[in-house]
Every structure is written in structure tokens, then in C-alpha cells.
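S.K.: output the structure for:
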Amino acid sequence: MRRNLLMACGVLTIAALVGVLVCTLATTSVTAEGLRSPESGQLPSVVLKTAPLIQMPGVVVPERKILHAVDSNSPVHWDGNTVYLFNSYAHPYRLSGPDLLHLGHRQLARFNGLDDNLDIWIEATYKDPDGTLYGAYHYEPDTVCFSNGHLPTAPRIGWTMSKDNGKTWKDMGFIIQASPCAINCKTASPWDAGGTGDFVFNLDREKKYFYFYGTSYDPRFEEQGVWAARMRYADRNDPSGKVMKWYKGGWNEPGLDGHVTPAFPAQRDYTHKDGEMFWGPSIHWNTYLNMYVMVLNHAIDTRLTGDGTYISFNRDLSNAEGWSEPRMILDRAQIRQATRGGSASTNALGNGWYPEIIGTGEGESDKLCGETGRLFVAGMSRLKITFLKPGEKQ
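M.R.: Below is the predicted model:
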């Protein structure tokens, strides 16, 4: 996560968002196996309209005078008539209430005594029918490069479970990490010398696999960008060594220390000042489109300065190459308009970090949305998002 530096300002390119924005998402040619390059008119489109503010409670950071810090994806789940939300800023906090508009009861999520003192962010959850809540966390070790500093770090991903809707957690250990030898302490990035994190996971429709999509900060250029991995649903209680990463066309590499072939490779080397890549995906199943929808950030330098919020579509989580080319739905100026007045980090507000779509219907969440939902950036939403099927008019 990116909590310790101030924003590197970019250039405003388009007028601020006012009223309605229609985003048509299409490129040029059809592929047989996926959506990577669909014909014009073959992809869904979205309509964004201004809406009353929904502010996630977030985390209070008094030393930075921040009231609603949100420093990662914020997973949502339901239990009966109660919705639970996790906001993280170096540690996860649980919020609950009858709906997204009435969240309160902020509680520090407890791990064991050791984990409670570590830098951990819960980025994704799954509520099992038996009542168990499963989660995955982004962990950032200290002193990767320097003996007295947290940054640059090299994140890794762990698995965890809870029997009380996330009030307390049992750590199940690390399940995804890059090679510990893949570290570059001469990187131009202020954040990462290597590692893998800033992710999401979703259970497929057949309930066979959890699919992870996240960000590789590996110093090897060919392994930088948005990666994919999976773990069998049947292994959820014994996850150690059970994750496999997408590599060279198949699930061929171990989750721990294995290689990746990114679904969205970096455009320029992240270790250089002008590094450029997509990062930080959030994914939901859209019941109106019958497709998966991903929203993600796009960095135009190694400080993760963003030029906009992007969207991509895929029919099948198992087809890591099937995602449509990401298309911008908010530019930088529109992000700043959508986050005006927010009390989060300057970086998150100015760059639109951690975009996610959350359904507002009964039982919907960050994992499930219908024809309409809310688009959040930096933990706040001033935008209603409506999905249109290919060729459908508003």
C-alpha cells in the first residue's frame, strides 16, 4: 500500500465531470477464445451519473489529519440483514450496518498477537455457506532494503479465516509471493523493490477455484503488471502450497516463488522513473451482463501517478488472456472532481487509487453487482454506474 508519501502531481487533461458520462468500450477485431480484441459494438458500455456521496468510514489517521483513510480494496459481505465492510490502513478495520449508507461500529480486526503488530491489509473476502469468512491479506515487510525503513518493501499475500465475520482472524500462512531473490533496492520506485500484492480474489461460478488477480512489482520487466493465480475451493482450509500461477499459457508455476506471465504486462519498466503499468484490480460478477468486470488503476510513472480509472471485461476467470483491453472511464480531472472534499491520503484522492464497483441491491457487494452499482475511488463514491449490453442504448 502507499500511505507514506505525498502525491506527485500530474497534468489535468479533460474538463471535470459534470452530469452524465457515457463510456463506449470497443477496439478492433474478434478473437475466438476471449474478449481481448472485440469488434466495435461487441463490448458492454457504461454510463456514469453523479449521485449523492457515499463515504466509507475508513481509518482515522490523526497524525496526518485524515478521517477516512482507505489504502486498499475494501471487501464487502453480508450475513443476514447486516453488511460488513473492511477498510485497511496498515491494518484492517471492520465496519457494519444495515447498508452501505449506514456503516458504523468501527473495530480493529484482530489476528494473533504477532500479526496485530504487522503491516497487513485485507483486500478480499469470501463468505462460505457454512458461515466461515475467508480472506486474503497484503503484507508488507519492513527493512527489505534499509535497516531503518519500511519502504521500499516487497509485498506478499497470505490466507486467513474467521468464524465471527472478521472480528478475529486465524492466519493460514502465505500463499502467493515472488521469488525472494527478485529484489532491486536501486529501483526508482519509492514503494516497491519487488514482491506481489494489491490484489483481489473471486470464487468462480462453478465453485471450483478461487481466482486471484493482483500486481507484480518484480524487478524483472517481463513479470511486471497484473498477474493471475488460482487455488481450488476444496483447499480453502489447507491452502499452503496449493496456489498455482498463470505462466506461459497455463497454471504452471507455484504460488510461492513461482514465475508469472502477466495478463496485463507492464508497458514500461516499473523500476524506472517513467514506469508504466496497470495495477490494483477489483473484480465483480455482473448479473446483468453475465460477465466479470474489472476496474483498475493505470500508473504513468513509478510513483504510481495515475492517468485515470480503467475497465475490462471477461466471460471466464480461468481465461487470464481473455480480458478486454482496458478502457478509461474516468480521466485524472474527473477523478479529482469525484473525490473533491474527501479526507483520505492526497495520493489516493488525486490518483483515484483503489477503484471498485459495489452493488447496492439486496445481497450485492464488491463481488456481485447488477445493472447498476456505485463506483468508488479512494473510499468514496459520487458516481452511479449503469451497465449497458453490447449495442444497448441508454
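
S.K.: avg pLDDT for stretch 330-346?
M.R.: Rounded to a whole number, the mean pLDDT of stretch 330-346 is 92.

S.K.: how long is that stretch end to end?
M.R.: 18 Å (CA to CA, to the nearest Å).

S.K.: buried ones in it, by neighbour count?
M.R.: 330-339, 342-346 (16 or more other CB atoms under 10 Å). Bear in mind the C-beta positions are built from the backbone N, C-alpha and C, glycine included.

S.K.: which among those residues gets closest to Lys393?
M.R.: Leu330 (21.9 Å; CB to CB).

S.K.: farthest pair within the buried residues of stretch 330-346?
M.R.: Checking these with CB to CB, the most distant pair is Asp331 and Ser343, at 22.9 Å.

S.K.: and stretch 171-180, average pLDDT?
M.R.: For stretch 171-180, the per-residue pLDDT averages 96.

S.K.: same check, this time on stretch 48-68
M.R.: 94.

S.K.: so how far is that stretch from its chain's centroid?
M.R.: Taking CA atoms, centre = their mean, to the nearest Å, one finds the center of stretch 48-68 at 17 Å from the center of the full chain.

S.K.: and that stretch, what's buried?
M.R.: Quick answer for stretch 48-68 (16+ other CB under 10 Å): Leu48, Ile54, Gln55, Met56, Pro57, Gly58, Val59, Val61, Arg64, Ile66, His68.

S.K.: with stretch 384-391 instead?
M.R.: Those would be Lys384, Ile385, Thr386, Phe387, Leu388, Pro390, for stretch 384-391 by 16+ other CB under 10 Å.

S.K.: tell me the bridge partners for the second one.
M.R.: Beta-bridge partners for Ile385, by DSSP bridges, are Leu48, Gly373.

S.K.: show me where the stretch 101-250 of the chain has strands.
M.R.: Remark: strands assigned in the stretch 101-250 of the chain by DSSP state E, counting those that start in this stretch are 104-108, 120-127, 133-139, 156-162, 170-176, 196-203, 209-216, 225-232, 244-247, 250-254.

S.K.: sec struct for Gln334, please.
M.R.: helix (DSSP: H, G, I helix; E, B strand; the rest coil).

S.K.: adding mean neighbour count and distance to Ala378, write the strands of the stretch 101-250 of the chain out as TSV.
M.R.: Formatted as TSV, those follow (neighbours: other CB atoms under 10 Å; distance: least, CB to CB, whole Å):
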stretch	mean neighbour count	distance to Ala378
strand 104-108	12	18
strand 120-127	24	15
strand 133-139	25	17
strand 156-162	23	22
strand 170-176	18	25
strand 196-203	26	14
strand 209-216	26	17
strand 225-232	24	20
strand 244-247	23	29
strand 250-254	15	33
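
S.K.: out of these, the one nearest Phe86 is which?
M.R.: Short answer: strand 120-127, nearest of these by CB to CB, at 4.8 Å.

S.K.: tilt between the closest one and strand 170-176?
M.R.: Using axes from the mean of the first three to the mean of the last three CA atoms, to 10 degrees, one finds that strand 120-127 and strand 170-176 are set 100 degrees apart in direction.

S.K.: who's in contact with strand 120-127?
M.R.: Strand 120-127 has contacts (CB atoms under 8 Å, 6 or more residues apart in numbering) with 1, 71-73, 75-79, 86, 88-92, 109, 111, 133-139, 158, 160, 166, 197-203, 210, 367.

S.K.: who does that strand pair up with?
M.R.: strand 133-139 (antiparallel).

S.K.: how about the strand it pairs with as PDB, C-alpha atoms only?
M.R.: What follows is strand 133-139, C-alpha atoms only, in PDB (Å, rounded to 0.1, in the frame of the first residue of the first chain):
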ATOM      1  CA  LEU A 133     -15.400 -16.000   6.300                       C
ATOM      2  CA  TYR A 134     -12.200 -16.500   4.300                       C
ATOM      3  CA  GLY A 135      -9.900 -13.600   3.400                       C
ATOM      4  CA  ALA A 136      -6.600 -12.800   1.800                       C
ATOM      5  CA  TYR A 137      -4.300 -10.100   3.000                       C
ATOM      6  CA  HIS A 138      -1.500  -8.000   1.600                       C
ATOM      7  CA  TYR A 139       1.500  -8.000   3.900                       C
END
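
S.K.: can you give me the mean pLDDT across it?
M.R.: On average, strand 133-139 scores 98.

S.K.: how distant is it from the center of its chain?
M.R.: For strand 133-139 - counting by CA atoms, centre = their mean - the centre lies 13 Å from the chain centre.

S.K.: go on, stretch 270-286?
M.R.: 9 Å.

S.K.: any idea how far apart the tips of it sit?
M.R.: Using CA to CA, first and last residues of stretch 270-286 are 32 Å apart.

S.K.: next one: stretch 191-209
M.R.: Note: stretch 191-209 ends 31 Å apart using CA to CA.

S.K.: offset the numbering so it begins at 128, please.
M.R.: Okay, residue one is now 128; in that scheme the one you just asked about reads as stretch 318-336.

S.K.: out of the buried residues of stretch 175-195, flag the one nearest to Pro317.
M.R.: Taking those together and measuring to Pro317 by CB to CB, the closest member is Arg191, at 16.7 Å.

S.K.: was I right about the closest one contacting Ser472?
M.R.: Yes - using CB atoms under 8 Å, Arg191 is in contact with Ser472, at 7.4 Å.

S.K.: measure Asp396 to Thr432 for me?
M.R.: 16 Å (CB to CB, to the nearest Å).

S.K.: if you could redo that for Leu245, that was the one I meant.
M.R.: 28 Å.

S.K.: between the two, tell me which one has more neighbours.
M.R.: Thr432 (20 against 16; other CB atoms under 10 Å).

S.K.: so that one touches Asn478, yeah?
M.R.: Yes - proximity of Thr432 to Asn478 meets the contact threshold set by CB under 8 Å, at 6.1 Å.
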